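Enquirer: with the sequence up front, the predicted model follows.
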Amino acid sequence: MPAMNMIQAVNSAMDIMLARDNDIVIFGEDVGYFGGVFRATEGLQKKYGLDRTFDTPIAEAGILGVAVGMGAYGLRPVVEIQFADYIYPALDQLVSEAARLRYRSAGEFTSPLTVRVPCGGGIFGGQTHSQSPESLFTHVCGLKTVIPSNPYDAKGLLISAIEDDDPVIFFEPKRLYNGPFDGHHDRPSGIWANHPLGEVPADYYKIPLGKANIVREGKDVTILSYGTMVHVAQCATEETGIDAEVIDLRTLLPLDIDTIVESVKKTGRCVIVHEATRTSGFGAELSALVQENCFYHLEAPIERVTGWDTPYPYSLEWHYFPGPDRVGAALKRVMEG
Amino acid sequence: MKNTANSGLHVPEPTARPGDKVDFSYIAIPPAGSVRMPDTAVDPSEIRDLCYDLIRVMDENGQAVGPWNPKLSADDLRRGLRAMTLTRVFDDRMMRAQRQGKTTFYMKCTGEEAVAVAQGMALRRDDMCFPTYRQQGLLIVRDWPILDMMCQVFANTKDRLKGRQLPIMYSTKEGAFFSISGNLATQTSQAVGWGMAAAYKHDQRIAATWVGDGASAEGDFHHALTFAAVYQAPVILNLVNNQWAISSFQGFAGGDRTTFAARALGYGIPGLRVDGNDFLAVYAVTAWAAERARAGLGPTMIELFTYRASAHSTSDDPSKYRPADEAACWPLGDPIDRLKKHLIALGEWSEDQQKALEEELTEYVTKTAKEAESYGTLDQGVAPSPATMFEDVYKEMPWHLRRQRQEAGI
């Protein structure tokens, strides 16, 4: 199997889907001739033509409005919002339109859109190129929210997202594009070629939405995480020597509740890790679900390790980022609890 | 420098408020037939003046004059008159149903019937419409069953939308009528996307969308114009300037500074400004724009200059913000009266026939309303099963919705 980084895996998914289905069109800011600022659509315009992968005006609300109209026609648009931080102008079209169209038309009109959104920090992007707004979307009924943590998952999940008949927000942690990142920013970064999940089949395959992945089995504590934080959680586990079960949620909505409940009932402890800000973050929902479903199995209070409730500060990025030390400290606290 | 500083915030005000004498003297009304009709392949830069003019066909004597006369057959004219009259009778009946408590909300299009009806006639039956809440005439002129519309208004057991949508927020894929949104102007960029998809598929169908003067201030409308211009989408962007956005006159959308049709200029899109109460003129400009779109020549923006004769909705009271007789003083008259006068002038219609038509349609609407009411009205509590509330959020119901449905005990 070829080694791919996450960009190449995402590109491969779109390449395959463009070849398989003429109803798929890809568009967004700079995605056409240039191939996107992160190169995720590189080569696709040349291979499939101007009308299948094209640039758009810089107007996120327009991109999504047009995508909703195309979806209503019967196409299957895959759009890129250049940075998650830029998605807010498009919220009305996503929240009030794409997410609710099936419901309000009783199934006559649908929005089979995929919205690819590079997210997260760790690249010195400052507060306008670093955000993780996933919980804004998990709060919206009618949307699905996906965040892969590695190239293999990214390709399989993206193909599932594109084939899904409901609108999917597909977050791509950009700190992981070129290699796994354990949170130790002062050490050399890894590369996907040296990681088992950097081996990606060249052909079509799918990873179903709504299925979590247990990336490390353990008996002491369950860590719920997704995206970049999966790698940070694994690192913290190794550094503390605590036998944690690390779950990569992969899809936040629909959530794989069964895998979560089974694990927490087994370990009796739970640490939730995400890069996004804490208050009303997805960790709050996870914490509530664990409490509702596993209360009598819990040996300690649930811990959340998250970004602070501040904007993502440019030069203080690594003070903001919830690295392995903070995760490790939380693991120790729950083990003492 | 001759101009001196003059501080102070300008806040627009209409020419008349309740108790004032109505003043429409600022509206310039050129004679019918005075505006030229360019070829549909014209370069937009050659017809910039049409954004500031007013295309009119019917003169004061009910004669159709000038280059924009669509020369419709008498049968087509009678069809248009019938659909407009039915729309008005339907609106009156549903308004009464709301007053009787059979539903909670209704919106009439009184005075604006020519917009949807003439445009619906000029479009093909399968051209996709992305309307606002005041284009019920599109469904009526397409012979969509008014029973189905009433069942939606009553949210009864035959409401195809399962009681999920506010009354009048119709949706029918078969009728090529897109699900209406209460979030204004969102449909405009969606229509452009639909048109782009049709172009991508080499489909001969085109898209048409409507937005009010007030909602044209929303960003979505400007995104629609940008994308339509960039991709030369086969779409007609209709801006219905009915002078009022609830209580805000058109000056709050920028109408005091320039015409709404002139919005098209900055985008390089042809803009036409038309007397929205002139059935023939509305038909003609729509047919012009449709031909242009279908020929792959790109989008057109049309400002339909009209007047909202009724309240914004059943929740609104216009006597609080505009003179009570303002509608009666509207200088462009009533669209139904004007088309009737034209047909009579042609010797193809009479006052007696109009009276008979109104009686026939009133009887038809009353009978249909009784049938619709037999399937339930909102106040009777006859609604779709509450279990349907959890359906269609997603194609397949996820576990958390199944669990919530169980929790609701349904």
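Expert: Yep, that arrived. Because the structure is a prediction, the values reported are computed rather than measured.

Enquirer: what does the stretch 101-250 of chain B put close to chain A?
Expert: Neighbours of chain A within the stretch 101-250 of chain B, by C-beta under 8 Å from any C-beta of the partner chain: B:128, B:130, B:160-162, B:164-165, B:169, B:171-173, B:178-179, B:181, B:183, B:186, B:188-198, B:200-201, B:207, B:219-220, B:223-224, B:226-227, B:230. Backbone N, C-alpha and C define where each C-beta goes, glycine included.

Enquirer: among these, name the ones in strands.
Expert: Secondary structure of those is defined by DSSP state E; positions in strands are B:M128, B:F130, B:A207.

Enquirer: relative to A:G227, which of those residues is nearest.
Expert: Nearest to A:G227 among these: B:F130, at 36.5 Å, using C-beta to C-beta.

Enquirer: what number of residues lie near the closest one?
Expert: 32 (other C-beta atoms under 10 Å in any protein chain shown).

Enquirer: quick check, it in contact with B:T186.
Expert: No. Using C-beta atoms under 8 Å, B:F130 is not in contact with B:T186, being 9.1 Å away.

Enquirer: what segments of the stretch 101-250 of chain B are helices?
Expert: In the stretch 101-250 of chain B, the helices defined using DSSP state H, counting those that start in this stretch lie at B:113-122, B:136-141, B:146-154, B:186-200, B:219-231.

Enquirer: tilt between the longest one and helix B:219-231?
Expert: Put plainly, it is helix B:186-200. If you take axes from the mean of the first three to the mean of the last three C-alpha atoms, to 10 degrees, helix B:186-200 sits at 20 degrees to helix B:219-231.

Enquirer: if we can go back for a sec, and of the helices of the stretch 101-250 of chain B, who's closest to B:G296?
Expert: Across these, closest to B:G296 is helix B:186-200 (C-beta to C-beta), at 7.6 Å.

Enquirer: check which helices and strands that closest one sits against.
Expert: Helix B:186-200 sits against helix A:60-73, strand B:128-130, strand B:207-212, helix B:219-231, strand B:235-241, with contacts defined as 3 or more C-beta pairs under 8 Å, 6 or more residues apart in numbering or on different chains; DSSP states H and E.

Enquirer: residues contacting B:N69?
Expert: Counting by C-beta atoms under 8 Å, 6 or more residues apart in numbering or on different chains, B:N69 makes contact with B:G33, B:V57, B:L280, B:A284.

Enquirer: phi, psi of it?
Expert: phi -60, psi 120 (degrees, to the nearest 10).

Enquirer: buried ones in the biggest helix by length in chain B?
Expert: If you go by DSSP state H, chain B has its longest helix at helix B:74-99. Going by neighbour count (16 or more other C-beta atoms under 10 Å in any protein chain shown), the buried part of helix B:74-99 is B:77-91, B:93-95, B:97-98.

Enquirer: now do stretch A:20-27
Expert: Using 16+ other C-beta under 10 Å as the test for burial, stretch A:20-27 gives A:D23, A:I24, A:V25, A:I26, A:F27.

Enquirer: whichever residue of the stretch 201-337 of chain A sits closest to chain B - how many residues pack around it?
Expert: Per C-beta to the nearest C-beta, A:P254 is where the stretch 201-337 of chain A lies closest to chain B, at 3.8 Å. Residues contacting A:P254 under the criterion other C-beta under 10 Å number 20.

Enquirer: enumerate every residue touching it.
Expert: Shown in contact with A:P254 (C-beta under 8 Å, 6+ apart): A:K144, A:L209, A:G210, B:Y394, B:P398, B:W399, B:H400.

Enquirer: mind doing that once more with 7 Å?
Expert: A:K144, A:L209, A:G210, B:P398, B:W399 (C-beta atoms under 7 Å, 6 or more residues apart in numbering or on different chains).

Enquirer: could you single out the nearest of the buried residues of stretch A:20-27 to chain B?
Expert: The closest of the buried residues of stretch A:20-27 to chain B turns out to be A:V25 (C-beta to the nearest C-beta; 6.7 Å).

Enquirer: now do whatever helix or strand that closest one lives in, average pLDDT.
Expert: Using DSSP states H and E, A:V25 sits within strand A:24-28. Here strand A:24-28 scores 98 as its mean pLDDT.

Enquirer: one step back: reformat the helices of the stretch 101-250 of chain B as CSV; add mean pLDDT and distance to A:G337.
Expert: Below are the helices of the stretch 101-250 of chain B laid out as CSV (pLDDT from 0 to 100; distance: least, C-beta to C-beta, whole Å):
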stretch, mean pLDDT, distance to A:G337
helix B:113-122, 98, 66
helix B:136-141, 98, 63
helix B:146-154, 98, 56
helix B:186-200, 98, 49
helix B:219-231, 98, 50
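
Enquirer: turn these into CSV, including distance to B:Q406 and mean neighbour count.
Expert: Output for the helices of the stretch 101-250 of chain B, formatted as CSV (distance: least, C-beta to C-beta, whole Å; neighbours: other C-beta atoms under 10 Å in any protein chain shown):
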stretch, distance to B:Q406, mean neighbour count
helix B:113-122, 44, 29
helix B:136-141, 38, 26
helix B:146-154, 29, 23
helix B:186-200, 34, 30
helix B:219-231, 39, 24
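
Enquirer: quick one: the helices in chain A?
Expert: A:6-20, A:44-48, A:60-73, A:91-92, A:101-104, A:134-138, A:151-163, A:228-240, A:257-267, A:282-294, A:317-320, A:324-336.

Enquirer: if anything else comes up later, I'll come back, but that's it for now.
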